[in-house]
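Undergrad: could you look at this predicted model? Sequence included:
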Amino acid sequence: MKTLLDMNILIVDDSRTDREIIKDILTEAGYKSFIIASSADETFSILAMHDPLTPLTLLTPETPLTPVDLILMDIVMPGINGLEACGKIREKEFLKDIPIIMVTARPNDENLQLAFEKGANDYITKPLNRIELITRVRSTLKLKMETDNRKARELELKHLTESLRYFKKAVENMQIGVTISNPEGQIIYANPAEERIHGYDQGELSGCNVSIFSQPELRKPMTVMELKKLKSWRRESINIKKEGTVFPVHLLSDTVTDAQGIVTGVVTTCEDITERKRSEEMLKKTREELEKRVRERTKELTAANAALKEEVQEKLAFQAETVRAAHLASLGELSAGVAHEINNPINGIINCAQILVNRRSWRQKEKEICGMIISEGKRVANIVQALLSFAREREGEKKPVHLGNIMGDSLALTSAHLRRDGINLSLDIPVDLPVVVAHHQQIQQVFLNLINNAHYALNQKYPKGNENKSLIISAERVFVNKRKFVRVTFLDNGTGIPSDIMDKVMDPFFSTKPEDKGTGLGLSISHGIIADHGGRLSIESKEGEFTKVILDLPAAER
């Protein structure tokens, strides 16, 4: 904060000696800041910095920018004397508040009167008296400081008054309620919006406690200690109007403290959020309804997509089945003709070879050759027999049968071989399965073929016994397109089927077994038998892991 000793003193005198004497006396008295001028013109240049209209470009580098608080000016100077300079200074509005003390060696009444008329505040006579100089400078500067402080307070008060006026006008025009209360909660001011929001007349809230806005059961005055802790807080609450209606509001409160930190009041803004809450509730309901519709529509689309996928799969399967049936039919006709033509010659070859073997005059080597002819001939005969079976129309009486009985007959022929090779058999065929209308021997032929295929695949993967060497046969009732079927599943964890030949395994004469182990007609014949019974045969497999064959046969209606 600036003190008297920090104020800037301009010493104007054409005598260097007099200037130095004044400066030395004031320096000894504790004054620190001095500006020196030797003429009136130099004084005017220094004071030009006080003019807010003076362009900075007109100020010389030597022009001090320190504001002047007091001028000590000699009356007698060459050119413009001190009296004329004083008059010119007072002509400037922006310089009128700078006090001027005239210094004169001729203190006659006429000069003193003229000096005061020109605007001087005081005078000092030469030769200078130290005490007088210090006293007059101090009293003049003190009066200047008091005047400056008073004007500053007046200006600050003016600005504050203007600000308050604008603030009050702004608050009164706000759509958000504003209340100012003392620490005890007594309302000092409430703007029109606050009165309107709560249904009160103009000025009716003044002097009331802010608890008037709370519901009776929630009214609890806040202590000063609680206010100190809160300082500033925001919250949503439920307020009550004058006539008793409750409504939601958003409140923002700030405590006002003095220089010592003591709470002197609380300013609170209040916004009626009824419409906002209503909009939020409507938005919530709309969002929930939309989510519900999306879930329902998604469910419908998922079901429709599943149905469409199933329909496409069925059509593809039907198309493949139609192509396969046509292929098998044409192949069956060809096979039947070829089989009949080959059957008689091959029997003749076998019989002739047997006659040659029976001759005792043959050496061992010739007999071995004849035995090979017989063996290969019988293999050809077996192929011919399979062709005839494949081509033969599947006629015969179909009767209601229980698949568990057919499975029992099939396992009676194969279970011994399965046990011998260490295959773990798991059987799950419920006794309450629906019966199917089928040809017993033909279905048994299918079962035997699938069991033998699993047997071979398990032996290939596990040449010796192994705890994982297992065949699982199960049956269950299922519904396909709302029609009841009996499903029989053969699952083995053998070698599996490579994915690149999966679509060929049911083609006639296609086999993964060696030539002496299979003809490649087993699955084709099985597929034909199941199709002839109105059922379906499908295969799922993963190479090196498992093979699952699924038979679906339609259940009898009664």
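TA: Cool, got the structure.
Undergrad: surely F479 touches F485?
TA: Yes - with contact defined as CB atoms under 8 Å, F479 and F485 form a contacting pair (7.2 Å). Where you see a C-beta, it was placed from the backbone N, CA and C, and this is true even at glycine.
Undergrad: so which other helices or strands are in contact with the helix or strand hosting S526?
TA: Per DSSP states H and E: S526 is located in helix 522-532. Judged by 3 or more CB pairs under 8 Å, 6 or more residues apart in numbering; DSSP states H and E, helix 522-532 is in contact with helix 274-358, helix 364-391, helix 440-461, strand 536-542.
Undergrad: just send those back as CSV, with mean pLDDT and mean neighbour count too.
TA: Shown next, in CSV, are these (pLDDT from 0 to 100; neighbours: other CB atoms under 10 Å):
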stretch, mean pLDDT, mean neighbour count
helix 274-358, 78, 12
helix 364-391, 70, 16
helix 440-461, 89, 20
strand 536-542, 89, 16
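Undergrad: F479 and F485: which has the busier surroundings?
TA: The residue with more neighbours, out of F479 and F485, is F485; 21 against 9, by other CB atoms under 10 Å.
Undergrad: the more buried one and D552: what is the separation?
TA: 5 Å (CB to CB, to the nearest Å).
Undergrad: give the residues shared as contacts by those two.
TA: 478, 535 (CB atoms under 8 Å, 6 or more residues apart in numbering).
Undergrad: circling back: want to throw the helices and strands packed on helix 522-532 into TSV with distance to P216?
TA: Below are the helices and strands packed on helix 522-532 laid out as TSV (distance: least, CB to CB, whole Å):
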stretch	distance to P216
helix 274-358	21
helix 364-391	97
helix 440-461	85
strand 536-542	75
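Undergrad: nearest to A120 among the ones you listed would be which one?
TA: With CB to CB, the closest approach to A120 among the helices and strands packed on helix 522-532 belongs to helix 274-358: 70.5 Å.
Undergrad: got the angle between that closest one and helix 522-532?
TA: Angle, helix 274-358 to helix 522-532, by axes from the mean of the first three to the mean of the last three CA atoms, to 10 degrees: 120 degrees.
Undergrad: isn't R19 up against I11?
TA: Yes - R19 lies in contact with I11 (CB under 8 Å); the separation is 5.3 Å.
Undergrad: so those two - more neighbours on which side?
TA: I11 (22 against 19).
Undergrad: buried residues in the helix or strand the more buried one falls within?
TA: Under the criterion of DSSP H and E, I11 resides in strand 8-12. By 16 or more other CB atoms under 10 Å, the buried positions in strand 8-12 come out as 8-12.
Undergrad: which two from the residues you listed end up farthest apart in space?
TA: N8 and V12 (13.3 Å).
Undergrad: give me the contact list for stretch 167-180.
TA: So stretch 167-180 is contacted by 187-198, 205, 210, 265-272 (CB under 8 Å, 6+ apart).
Undergrad: ok, 7 Å please
TA: With contact meaning CB atoms under 7 Å, 6 or more residues apart in numbering, stretch 167-180 is reached by 187-194, 197, 210, 265, 267-271.
Undergrad: and that stretch, how far from the chain's centre?
TA: 40 Å (CA atoms, centre = their mean, to the nearest Å).
Undergrad: how about stretch 310-318?
TA: 42 Å.
Undergrad: stretch 88-103 too?
TA: Counting by CA atoms, centre = their mean, stretch 88-103 comes out at 72 Å from the chain centroid.
Undergrad: buried stuff in that stretch?
TA: Counting neighbours by 16+ other CB under 10 Å, one finds that the buried residues in stretch 88-103 are 88-90, 95, 98-103.
Undergrad: got it, and stretch 250-264?
TA: Applying 16+ other CB under 10 Å to stretch 250-264 flags 250-251, 253, 255, 263 as buried.
Undergrad: so which of these belong to helices?
TA: Nothing among those maps onto helices, per DSSP state H.
Undergrad: okay, and for the stretch 51-200 of the chain, where does confidence drop off?
TA: By pLDDT under 70, the weakly predicted segments of the stretch 51-200 of the chain are 52-66.
Undergrad: alright, calling it a day.
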